[in-house]
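**Student:** heads up, no residue letters with this:
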């Protein structure tokens, strides 16, 4: 039975990976500067006799491909973090920003923009801000000597609200002609500034965290059963939950520092995966990687192609995610208790 289930999961992962590559190949041709499918095929075919022009190569390798890889990385990170958080907190309505990581990252990014730091500096400040916010959120239950899941969630709400207030103060003192616009645009999400160096820094953070969560997928299954059941099955609940939360937080922070605040991905994609493989986290976590990556590649392609001016990612994800989530609620695929 286990071999059959493993073979089914491997087949689903293979199919979803092929679909992801097909979507990426198709989306590489889309943009204000058109790239024919033949050019894409030639660029990635080592046996091709034709060569790619210098202009096409510049657009493909220096602009479009890094951005598309960044979109896939952000989507995979947010979806994987979303599935993990929903399993850890035993709530299908939980999203990756539950512990205040998005608000903390916004504080860091806004402060860096006011200080006039570079794009890389803004990303680094966002990462630090997100991690500090989660450290504060997780320290409150220890100070109050109440390590329940509810207290942790409430701590995240407190830190998130405080972070939003700090961002409001920074917006108030920002230059309305330059800094304020930059802060607002960053909060709405964009991959327009993704370059190879920022992509590498994000990957260095995201890949180990993703590997840890995938290795813990069976333990997250046990944690999702409840505290008593997990303890009865011999799971070190405090340790395993802490490691899983830390890894999911690092994934979220890495995605936020690369793309800004992007909503709905970590909430909607896990439910789309559940339509395919059910509630088993051992299957959900691996499949969420390819589903999230595919979703975000399509979203980013729409964001840079719908208008002459780039549409913020948060706008596109909201326009797609909100109706899609409502549809899932209407057909009863999301259980609200």
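**Tutor:** Received it, and whenever you're ready, just let me know what you need. From a predicted model like this one, the values you see are computed outputs, not experimental measurements.
**Student:** Please make it C-alpha for all contacts and neighbour counts, starting now.
**Tutor:** Will do.
**Student:** all helices of the stretch 151-300 of the chain, in order?
**Tutor:** Assigned by DSSP state H, counting those that start in this stretch, the helices in the stretch 151-300 of the chain fall at 179-188, 196-215, 217-223, 227-232, 237-259, 265-277, 281-305.
**Student:** what helices or strands is the longest one leaning on?
**Tutor:** In other words, helix 281-305. Applying 3 or more CA pairs under 8 Å, 6 or more residues apart in numbering; DSSP states H and E, we find helix 281-305 packed against helix 2-28, helix 65-88, helix 196-215, helix 217-223, helix 265-277, helix 313-330.
**Student:** Quick one: distance of the first one to the chain centre.
**Tutor:** When distances are taken as CA atoms, centre = their mean, to the nearest Å, helix 2-28 is centred 19 Å away from the chain's centroid.
**Student:** Most tightly packed of the helices and strands packed on helix 281-305?
**Tutor:** The highest mean neighbour count among the helices and strands packed on helix 281-305, using mean count of other CA atoms under 10 Å, belongs to helix 65-88: a mean of 28.
**Student:** Now do that one and helix 237-259, the angle between them.
**Tutor:** 150 degrees (axes from the mean of the first three to the mean of the last three CA atoms, to 10 degrees).
**Student:** I'd like the average pLDDT over helix 65-88.
**Tutor:** For helix 65-88, the mean pLDDT works out to 94.
**Student:** Just the angle for it relative to helix 196-215, thanks.
**Tutor:** Using the same axes, to 10 degrees: helix 65-88 against helix 196-215 is 30 degrees.
**Student:** I'd like to check what contacts the helix or strand that comes right after helix 65-88. Which residues are they?
**Tutor:** Scanning forward in sequence from helix 65-88 by DSSP states H and E, the next helix or strand is helix 101-114. Applying CA atoms under 8 Å, 6 or more residues apart in numbering, the contact partners of helix 101-114 are 97, 121-123, 125-134, 160-161, 163-164, 166-167, 170-171, 174, 179, 182-183, 186-187, 249, 252-253, 256-257, 260-261.
**Student:** What residues of the lowest-mean-pLDDT helix or strand in the chain count as buried?
**Tutor:** Least confident element among the helices and strands of the chain, by mean pLDDT, DSSP states H and E: helix 227-232 (a mean of 78). Across helix 227-232, burial judged by 16 or more other CA atoms under 10 Å covers 227, 230.
**Student:** chain center to it: distance?
**Tutor:** 30 Å.
**Student:** who does that helix touch, helix- and strand-wise?
**Tutor:** Under the contact definition 3+ CA pairs under 8 Å, 6+ apart, helix 227-232 sits against helix 217-223, helix 237-259.
**Student:** Just want the angle from the longest one to helix 265-277.
**Tutor:** Here helix 237-259 points in a direction 120 degrees away from that of helix 265-277 (the same axes, to 10 degrees).
**Student:** quick one: helix 237-259 to helix 179-188, angle?
**Tutor:** 130 degrees.
**Student:** The closest residue to residue 68 other than its chain neighbours: how many residues sit nearby?
**Tutor:** The shortest distance from residue 68 to any non-neighbouring residue, by CA to CA, 6 or more residues apart in numbering, is to residue 297 (6.2 Å). The local packing of residue 297 (other CA atoms under 10 Å) involves 25 other residues.
**Student:** cool, and residue 151?
**Tutor:** Applying other CA under 10 Å, we find 18 other residues in the vicinity of residue 151.
**Student:** Can you give me every residue that contacts residue 173?
**Tutor:** Counting by CA under 8 Å, 6+ apart, residue 173 has no contacts.
**Student:** got the helices and strands packed on helix 281-305 as a markdown table, with distance to residue 231 columns?
**Tutor:** Output for those, formatted as a markdown table (distance: least, CA to CA, whole Å):
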| stretch | distance to residue 231 |
| --- | --- |
| helix 2-28 | 24 |
| helix 65-88 | 14 |
| helix 196-215 | 19 |
| helix 217-223 | 9 |
| helix 265-277 | 26 |
| helix 313-330 | 33 |
